[in-house]
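Novice: The following comprises the amino acid sequence and a computationally predicted model.
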Amino acid sequence: MPTPVVTKTTLFVVGCLLLTAYFVYTASSGAVRQQQQDEDHEAALTEIERLQSQRDHLLAVYDYVISDAYVEQAARRELGYIREGETAFIVLSPPPPADQQVPGEWWERLFPR
């Protein structure tokens, strides 16, 4: 049985096929990497918008907390102060069930949007 002869043309064609396969692989992996970066970028922008919204809310809460209206409300609620001519009363309610937790940070529960 004769042994196949490898010619220069066959080696050239095989080399071209390998080189083409390498370029296709490189281009496709670059496209996949670019897609992942785009998704990460969109996720980062969404997170930035959420954090800016939370920052705006906290700044509004801060402005309220440093106001005289809040100081008066806190004095009435926590210290029991009343103005002259007012009658103080306390409303008692049953405690919430233990399995019912309000989500969010403490300031979000204290100052809902």
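Specialist: Yes, it's here.
Novice: neighbours around W107, how many?
Specialist: For W107, the number of neighbouring residues by other CB atoms under 10 Å comes to 14. All C-beta atoms are positioned from the backbone trio N, CA, C, and that covers glycine.
Novice: now V91, what's its secondary structure?
Specialist: Classification of V91 into helix, strand or coil gives coil, according to DSSP: H, G, I helix; E, B strand; the rest coil.
Novice: The residue nearest the centre of the chain and E84, how far apart?
Specialist: Nearest to the geometric centre of the chain sits E47, at 3.8 Å (CA atoms, centre = their mean). Per CB to CB, to the nearest Å, E47 is found 51 Å from E84.
Novice: Please apply the same query to K8.
Specialist: Applying CB to CB, the value for K8 to E84 is 109 Å.
Novice: Those two: which is more packed in?
Specialist: K8 (7 against 4).
Novice: Could you identify the helix or strand that succeeds the helix of greatest length in the chain?
Specialist: Identified as the longest helix of the chain according to DSSP state H is helix 8-65. Counting by DSSP states H and E, the next helix or strand C-terminal to helix 8-65 is helix 68-79.
Novice: name the helices or strands packed onto the lowest-mean-pLDDT helix or strand in the chain?
Specialist: Taking mean pLDDT, DSSP states H and E as the measure, the chain has helix 106-110 as its least confident helix or strand, at a mean of 72. Contact analysis of helix 106-110 by 3 or more CB pairs under 8 Å, 6 or more residues apart in numbering; DSSP states H and E lists helix 8-65 as its packing neighbours.
Novice: pLDDT of the longest helix of the chain, averaged?
Specialist: In this model, helix 8-65 has a mean pLDDT of 93.
Novice: Please name every helix or strand in contact with it.
Specialist: helix 106-110.
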